[in-house]
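>>> kindly generate the corresponding structure for this input.
(chains A, B, C and D)
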There are 2 protein chains.
Amino acid sequence: MTKFGDQILPKTTCEGAKEAAPKRRRKSSEDRMLDIIEAAADHFAEVGFSGGTRDIAKKVGVTQPLLYRYFPDKDSLIEAVYKSVYLESWNADWDVGLQDRTQSVRSRFDQFYRDYTAANFNPRWLRISYFAGLRDAQINQWYNHLIEELILKQLVREHRVELGLPDDAYVTTEEMEVAWQIHGGLLHYGWRRHVLNLPASNDMDQVICDALDMYFSVAEGVYMRMARSNADIA
Amino acid sequence: MTKFGDQILPKTTCEGAKEAAPKRRRKSSEDRMLDIIEAAADHFAEVGFSGGTRDIAKKVGVTQPLLYRYFPDKDSLIEAVYKSVYLESWNADWDVGLQDRTQSVRSRFDQFYRDYTAANFNPRWLRISYFAGLRDAQINQWYNHLIEELILKQLVREHRVELGLPDDAYVTTEEMEVAWQIHGGLLHYGWRRHVLNLPASNDMDQVICDALDMYFSVAEGVYMRMARSNADIA
DNA sequence: TTTCTAAATGATCATTTGATTACTTTTGTA
DNA sequence: TACAAAAGTAATCAAATGATCATTTAGAAA
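Numbers count the residues shown, from 1 in each chain, chains lettered A, B, ... in the order given. This next block holds a predicted model:
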């Protein structure tokens, strides 16, 4: 881990071979900051956010008080880890691709879940996510809101359009739950495979395929039921 | 919490009204043990297994060293909490009911998931489960094995029988994954609702119904595909 | 009432924890 | 080269941690 811990930058002091090793013993503020966040993320992923600051410093290869020159307290470091882990593995193109109507909804979401699981289904991301949810529901609430608005609601609405149904911006709770069932089922697969280390299927593509089959085979019926009960009310 | 902390047992000293308050300040070993486990479960559910022994003692209403007369160390207490939480909310009748062929597979599993979620979908059970999985994969591995063998494999096999397909004891990885998709999706619903406190659907029955719809609508196809590829090999 | 077992406590220990301070060393620049 | 800003350290603190042990005392049995 912390693979760049004390790496030497082959920096161009331009003046040719200056003994080959400039031996930078100190890092720039920015680089060190990143080192610390990286090591903290690794350590928190391993033991949870109650993990000690000394262990983190050790992973970085510096003394513990140095952390307090970069973060006022441990909570700030945790906050930085949240940001880093969540933002680094979020692709801004995802919600754009989901609206590309030259592709079928099915193939758009198939592609999305391949990308999404490839980016997030690893012990570090999953463990940090669950630890974060247990420690502080707020951060995970924010993330789930993101998933709901940018991904799952798109799935419901784009599917409606493809079925030739009216494109109502409103998505009912039940429709959301059906979409969440897919997302949640896949997440639990990640939990079993990468957190519990259970012998789950290796064939991620097949798992996604079956999960989406499940969605598409019942979603239409749910829409119809929703539309009918809306009509009843009106 | 710890509602029976210093409750007075209206124990029959038989001799009628003995000043109304017998003031039992000491409890039997068994009762105190249960008090401690109960308080520990509450506290660990709240803050995780790094929670302090002093806080637990406080909830019970005793001093911290007393815990060490009941458990040799903190790990043993944690072990006791595991057992308590998992065993208390497991119903031995479940796997029997699932094999009652006078009922349809669908209604058997509908009933099971109503019972199962009623018993387990609460903040305490869910938080302890996830904390346990993150801390020590083993205990959760054991539990998931239980679910897999006693519940999900039954679902697959009973469904096969109902479809008039050969009752092969062997369940493929892909078939298991489809069943897990339902269980995992429901669990994630519990996570969102009772851990993250997100505004998920209140209608548990409907959520279960839709989840099972998803399962039954694709399971047959998966079985067929499996059977065919088995035939190819043979 | 007296006695004896065991439930419960008080004091305390050695570590570990997050955090602060004064100090040292590196490094880019005047 | 001299210097100042900033990266990094050593020493240390107060609080909290899991755990131990001698002692006290409730309460059932004699």
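>>> wait, A:Val161 sits on A:Asp167?
Yes - with the criterion set as CB atoms under 8 Å, A:Val161 and A:Asp167 qualify as a contacting pair; they are 5.3 Å apart. Every residue, glycine included, has its C-beta placed from N, CA and C.
>>> ok, the two, which is more surrounded?
Neighbours were counted for A:Val161 and for A:Asp167 using other CB atoms under 10 Å in any protein chain shown; A:Val161 has more, 12 against 9.
>>> the lowest-mean-pLDDT helix or strand in chain A: which residues count as buried?
Counting by mean pLDDT, DSSP states H and E, chain A has its least confident helix or strand at helix A:204-233, which shows a mean of 87. Counting neighbours by 16 or more other CB atoms under 10 Å in any protein chain shown, one finds that the buried residues in helix A:204-233 are A:204, A:207-219, A:222-223, A:226.
>>> out of these, who's near chain B?
Among the buried residues of helix A:204-233, proximity to chain B is found for A:Val207, A:Asp210, A:Ala211, A:Asp213, A:Met214, A:Tyr215, A:Ser217, A:Val218, A:Val222 (CB under 8 Å from any CB of the partner chain).
>>> doesn't B:Ser217 make contact with the fifth one?
Yes - taking contact to mean CB under 8 Å, the distance of 6.9 Å between A:Met214 and B:Ser217 places them in contact.
>>> do you know how far A:Thr63 is from A:Met33?
Going from A:Thr63 to A:Met33 by CB to CB, to the nearest Å gives 16 Å.
>>> show me where chain A has its helices.
A:29-47, A:53-60, A:67-70, A:74-88, A:94-97, A:105-120, A:123-135, A:137-146, A:153-162, A:173-190, A:204-233 (DSSP state H).
>>> which stretch among the ones you listed comes nearest DNA strand D?
The stretch from the helices of chain A with the least distance to DNA strand D (CB to the nearest atom of the strand) is helix A:29-47; that distance is 3.3 Å.
>>> sorry, back to before: B:Leu152: which of the helices of chain A is closest?
helix A:173-190 (12.3 Å; CB to CB).
>>> next, the buried residues of that closest one.
Taking 16+ other CB under 10 Å as the basis for neighbour counts, the residues of helix A:173-190 that come out buried are A:174-190.
>>> repeat for stretch A:150-162
Using 16+ other CB under 10 Å as the test for burial, stretch A:150-162 gives A:Ile151, A:Leu152, A:Lys153, A:Gln154, A:Leu155, A:Val156, A:Arg157, A:Glu158, A:His159, A:Arg160.
>>> with stretch A:89-100 instead?
Within stretch A:89-100, the residues that qualify as buried by neighbour count (16+ other CB under 10 Å) are A:Ser89, A:Trp94, A:Leu98.
>>> what's the closest non-adjacent residue to the second one?
What that stands for is A:Trp94. Sequence neighbours aside, A:Phe112 is the residue nearest to A:Trp94 in space, at 6.0 Å (criterion: CB to CB, 6 or more residues apart in numbering or on different chains).
>>> I'd like to know how far the residue lying closest to A:Asp203 once chain neighbours are set aside sits from DNA strand C.
Of all residues beyond its chain neighbours, the one nearest A:Asp203 is B:Glu174 (7.5 Å), with distances taken as CB to CB, 6+ apart. Plainly put, B:Glu174 is 43 Å away from DNA strand C if you go by CB to the nearest atom of the strand, to the nearest Å.
>>> right, and B:Glu174 touches A:Ala211 too?
No - between B:Glu174 and A:Ala211 no contact is recorded; they are 11.7 Å apart, counting by CB under 8 Å.
>>> in chain A, where is pLDDT below threshold?
For chain A, the stretches with pLDDT under 70 are A:1-24, A:230-234.
>>> alongside DNA strand C, which residues does it contribute?
Taking CB under 7 Å from any atom of the strand as the criterion, the neighbours of DNA strand C within chain A are A:23-26, A:50-55, A:64-65, A:68, A:72-75.
>>> out of those, who's near DNA strand D?
Applying CB under 7 Å from any atom of the strand, the subset of the residues of chain A next to DNA strand C adjacent to DNA strand D comprises A:Arg26, A:Gln64, A:Pro65.
>>> which one of the residues you listed is nearest B:Asp136?
Of all these, A:Gln64 has the smallest distance to B:Asp136: 27.1 Å, by CB to CB.
>>> which residue is the nearest non-sequential neighbour of that closest one?
A:Ala57 (4.2 Å).
>>> you'd agree the one you found is up against A:Thr63?
Yes - using CB under 8 Å, A:Ala57 is in contact with A:Thr63, at 5.9 Å.
>>> neighbour count for those two, which is higher?
Using other CB under 10 Å, the more surrounded residue of A:Ala57 and A:Thr63 is A:Ala57, with 19 against 10.
>>> contact partners for the more buried one?
Contacts here follow CB atoms under 8 Å, 6 or more residues apart in numbering or on different chains; on that basis A:Ala57 touches A:Thr63, A:Gln64, A:Leu66, A:Leu67.
>>> please report how far the last one lies from A:Arg54.
Right, A:Leu67. As judged by CB to CB, A:Leu67 and A:Arg54 stand 9 Å apart.
>>> which of those two has more neighbours?
Under the criterion of other CB under 10 Å, the comparison of A:Leu67 against A:Arg54 puts A:Leu67 first, with 22 against 12.
>>> hmm, A:Lys58 and that one touching each other?
No - the pair A:Leu67 / A:Lys58 is not scored as a contact, 11.0 Å apart, by CB under 8 Å.
>>> my understanding was that the residue nearest to A:Trp94 contacts A:Ile151; is that so?
Yes - with contact taken as CB under 8 Å, A:Phe112 and A:Ile151 are classed as touching, separated by 7.1 Å.
>>> overlap in contacts of those two?
Any residue near both A:Phe112 and A:Ile151 by CB under 8 Å, 6+ apart counts here, and that gives A:Trp94, A:Leu98.
>>> kindly supply the PyMOL command isolating those of the residues of chain A next to DNA strand C that are buried.
To isolate in PyMOL the members of the residues of chain A next to DNA strand C that are buried, counting by 16+ other CB under 10 Å, one can use:
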select buried, chain A and resi 51+53+55+74
